[in-house]
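K.L.:
no sequence for this one, just the structure:
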Ligand code: NAD
């Protein structure tokens with residue numbers, strides 16, 4: 001519980017700077033409460049808005065700061081969609097630092113409108129390949145081809161990560177694929193999961209095709225524990241899972257590799273709400289909680305989660321998505337105050 005951590009902070013774009021500022025307020029409260037924990041923030045630039053200055057959305061200066069840091073804390077950035085525009089900042093960092101497991105929990109929280117009160121699942125998404133490998137070709141005008149990379153190595157390591165997590169939780173793992181259509185690539189993924197499963201006889205294994213998984217998540221979300229899947233399926237299912245438990249304002253994600261981690265909300269830069277001090281900072285605050293876990297500051301992580309739950313349970317401070325009118329900064333202040341009270 002004593003340490004100084006260098007955190008590379010990417011405030012991001014749109015609502016990014018507001019939610020990151022809110023989460024840093026909570027991390028500052030953690031420092032104040034713990035006394036022995038220190039964060040040194042290395043502020044970094046990234047995103048579409050820095051392209052005119054640097055010619056890239058991920059400047060070399062930022063990459064250097066990431067390399068010097070213990071972990072990265074990232075707000076959402078805006079990603080242009082035109083063909084030929086730069087690869088997303090998140091995808092670049094995930095690939096560059098080999099952050100192969102994207103961990104996205106979805107859990108019912110008190111006083112938050114949700115499908116059922118007993119949802120507690122985690123989506124583990126392969127984070128470095130799949131369709132997000134994103135090699136696309138126009139082979140004739142109006143005819144495009146997108147390639148999807150699936151390797152035994154990446155499938156096996158994300159499966160092992162997911163089984164290790166399931167073993168610590170409710171001991172159930174659901175693997176999701178579409179091998180009936182993507183016969184070659186998803187059979188590689190499927191076989192890797194089944195082979196790794198042999199090392200974890202205590203974990204119950206369930207198989208679902210992605211279309212059925214999307215439906216079963218709505219029909220029986222309480223029966224899921226850990227869901228492991230390929231990159232794009234995991235991206236889509238984790239937004240669906242967020243929707244089951246109150247929306248994107250509450251959903252956090254960790255991008256984990258062997259030595260480095262990047263922590264961010266699941267949501268994007270929601271440009272239409274930018275600068276309004278309106279959106280929910282809880283997703284980003286829960287990403288900060290996952291950062292603390294990664295740093296080994298489990299006590300501090302528990303305090304942040306407890307403080308979020310207490311503020312939600314009291315229901316006095318709620319942002320618009322939860323049916324209230326509190327601002328982003330009011331929500332952050334309420335949670336930071338609880339952290340100090342829970343010290
Ligand atoms: P989005 O997640 O930004 O927003 C979709 C909707 O979700 C919003 O309009 C809002 O209703 C709700 N929402 C999102 N965050 C919220 C919050 N904190 N509190 C309350 N409600 C919230 O998705 P989008 O509009 O599809 O994408 C906008 C931009 O973000 C795009 O450029 C996209 O590429 C980018 N994006 C970035 C990341 C990332 O940086 N990791 C992830 C996803 C999308």
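P.N.:
Nice, thanks for sending it over. Computed from a predicted structure; not experimentally measured.

K.L.:
switch to C-alpha atoms for all contacts and neighbour counts from now on
P.N.:
Noted.

K.L.:
partners of the residue most central in space within the chain in the sheet?
P.N.:
Central residue of the chain (CA atoms, centre = their mean): residue 253, 1.7 Å from the mean position. For residue 253, the beta-bridge partners are residue 264 (DSSP bridges).

K.L.:
which residues touch the helix or strand encompassing residue 28?
P.N.:
Using DSSP states H and E, the element containing residue 28 is helix 16-34. Residues outside helix 16-34 that contact it (CA atoms under 8 Å, 6 or more residues apart in numbering) are 11, 37-39, 74-77, 269, 275, 277, 279-281, 284-285, 288, 300, 304, 328-329, 332-333, 335-337, 339-340, 343.

K.L.:
near the ligand, list only the ones from the residues you listed.
P.N.:
76-77, 269, 279-281 (CA under 6 Å from any ligand atom).

K.L.:
quick check: the farthest pair among those residues?
P.N.:
With CA to CA as the measure, no two of those lie farther apart than 77 and 280, at 16.4 Å.

K.L.:
quick check: residues of the stretch 1-150 of the chain near the ligand?
P.N.:
Neighbours of the ligand within the stretch 1-150 of the chain, by CA under 6 Å from any ligand atom: 76-80, 90.

K.L.:
any chance you could map the strands in the stretch 201-343 of the chain?
P.N.:
204-209, 226-229, 252-256, 261-265 (DSSP state E, counting those that start in this stretch).

K.L.:
return the most buried member of these.
P.N.:
Compared across those, strand 226-229 shows the largest average neighbour count, a mean of 30 (mean count of other CA atoms under 10 Å).

K.L.:
picking up where we left off before, put the buried members of the contacts of helix 16-34 into a PyMOL selection.
P.N.:
Of these, the buried ones can be selected in PyMOL as follows, counting by 16 or more other CA atoms under 10 Å:
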select buried, resi 11+37+38+74+75+76+77+269+277+279+280+281+284+285+288+300+304+328+329+332+333+335+336+337+339+340
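
K.L.:
out of the contacts of helix 16-34, which are inside helices?
P.N.:
Counting by DSSP state H, those place 284-285, 288, 300, 304, 328-329, 332-333, 335-337, 339-340 in helices.

K.L.:
redo these as a markdown table? Include distance to residue 101.
P.N.:
Shown next, in a markdown table, are the ones in helices among the contacts of helix 16-34 (distance: CA to CA, whole Å):
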| residue | distance to residue 101 |
| --- | --- |
| 284 | 18 |
| 285 | 20 |
| 288 | 17 |
| 300 | 23 |
| 304 | 23 |
| 328 | 29 |
| 329 | 31 |
| 332 | 28 |
| 333 | 31 |
| 335 | 28 |
| 336 | 29 |
| 337 | 32 |
| 339 | 29 |
| 340 | 32 |
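
K.L.:
taking those together, which two end up most distant?
P.N.:
Farthest-apart pair in those is 300 and 328; separation 21.9 Å (CA to CA).

K.L.:
thinking again about what came up before, of the strands of the stretch 201-343 of the chain, which is nearest the ligand?
P.N.:
strand 261-265 (6.9 Å; CA to the nearest ligand atom).

K.L.:
output the contacting helices and strands for the closest one.
P.N.:
Contact analysis of strand 261-265 by 3 or more CA pairs under 8 Å, 6 or more residues apart in numbering; DSSP states H and E lists strand 71-74, strand 252-256, helix 282-294 as its packing neighbours.

K.L.:
read off the pLDDT value for residue 307.
P.N.:
Model confidence at residue 307, given as pLDDT, is 98.

K.L.:
one more: the one 5 residues further on?
P.N.:
Looking at residue 312, its pLDDT reads 97.

K.L.:
list the residues that contact it.
P.N.:
Residue 312 neighbours (CA under 8 Å, 6+ apart): 109-112, 318.

K.L.:
dump those residues to JSON lines, plus secondary structure and pLDDT.
P.N.:
Output for the contacts of residue 312, formatted as JSON lines (DSSP: H, G, I helix; E, B strand; the rest coil; pLDDT from 0 to 100):
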{"residue": "109", "secondary structure": "coil", "pLDDT": "96"}
{"residue": "110", "secondary structure": "coil", "pLDDT": "95"}
{"residue": "111", "secondary structure": "coil", "pLDDT": "93"}
{"residue": "112", "secondary structure": "coil", "pLDDT": "95"}
{"residue": "318", "secondary structure": "coil", "pLDDT": "96"}
